[in-house]
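# Here is the input, now give the coordinates:
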Amino acid sequence: MKAIRPDLRIIATGTGAEEEAVLDVLASGARGYMDEAASAAEFVQAIRIVNQGSLWVSRRILKMFIERTNRCEGRAFPAAPVVLTAREKEVLEMLVAGNSNKEIAIPLGIEVRMGIEVRTVKSHISKLLRKTGVRNRIALSSYAIGNAIVSSK
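Alright, predicted model coming up:
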């Protein structure tokens, strides 16, 4: 489907899928994965997040990704600790919580009493990707949880 419509935002669903199958689906271009046992509210949240251009995976899938990364030789994460600004930590916490760029921008804009643009959030995320040496939002979330920068509530 992605070959015909590369702009298509796909959320795969399944029941108790094995780690490899889920990771293969995401590597093939799906923008999210939902277990069929998820609640209607979780499906709505996933659809909204993917529709806004972000990725969606459940905490279970994120945990699998973290564990897989930690088992690999030559881990994807740099050995040296990464120093983040307070703002970067705020952005990272909201990203790990599954928020889209727009959902991250709104509370930050209120906090500083002037609108923070979605492009500013993108800039923060790009900087976080560079600092951590990871390639995407899922890996960034995994890095943040795996290195106790944010909690995996």
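
# What count of nearby residues applies to the residue nearest to Gly32 when sequence neighbours are not counted?
Of all residues not flanking Gly32 in the chain, Trp56 sits nearest, at 3.4 Å (CB to CB, 6 or more residues apart in numbering). Every residue, glycine included, has its C-beta placed from N, CA and C. By other CB atoms under 10 Å, 25 other residues sit near Trp56.

# Verify the contact between Trp56 and Phe43 for me.
No: using CB atoms under 8 Å, Trp56 is not in contact with Phe43; the gap is 9.8 Å.

# can you give me the strands for this structure?
Using DSSP state E, the strands of the chain run over 11-14, 32-35, 56-57.

# Could you count how many residues lie near Leu129?
Around Leu129 there are 16 residues (other CB under 10 Å).

# my read: it touches Arg135, true?
Yes: contact criterion CB under 8 Å: Leu129 and Arg135 qualify, at 7.0 Å.

# Grab the longest helix from the protein for me.
Using DSSP state H to assign secondary structure, the helix with the most residues in the chain is helix 118-132.

# What residues sit buried inside that one?
118, 120-121, 124-125, 128-129, 131-132 (16 or more other CB atoms under 10 Å).

# Now stretch 97-114: average pLDDT?
Averaged over stretch 97-114, pLDDT sits at 74.

# Quick one: end-to-end distance for stretch 106-125.
Length of stretch 106-125, first residue to last, CA to CA, to the nearest Å: 15 Å.

# For Val91, give me the pLDDT.
Per the predicted model, pLDDT is 92 at Val91.

# what does the domain assignment say about the chain?
11-57, 86-146 (automatic domain parsing).

# to the chain's geometric centre, what's the distance from the first one?
Looking back up the chat, that one is domain 11-57. The chain centroid and the centroid of domain 11-57 are separated by 12 Å, computed with CA atoms, centre = their mean, to the nearest Å.

# ok, now stretch 127-138?
What separates the centre of stretch 127-138 from the centre of its chain is 11 Å, taken as CA atoms, centre = their mean.

# tell me how far the ends of it are from each other?
Distance between the boundary residues of stretch 127-138 (CA to CA) amounts to 15 Å.
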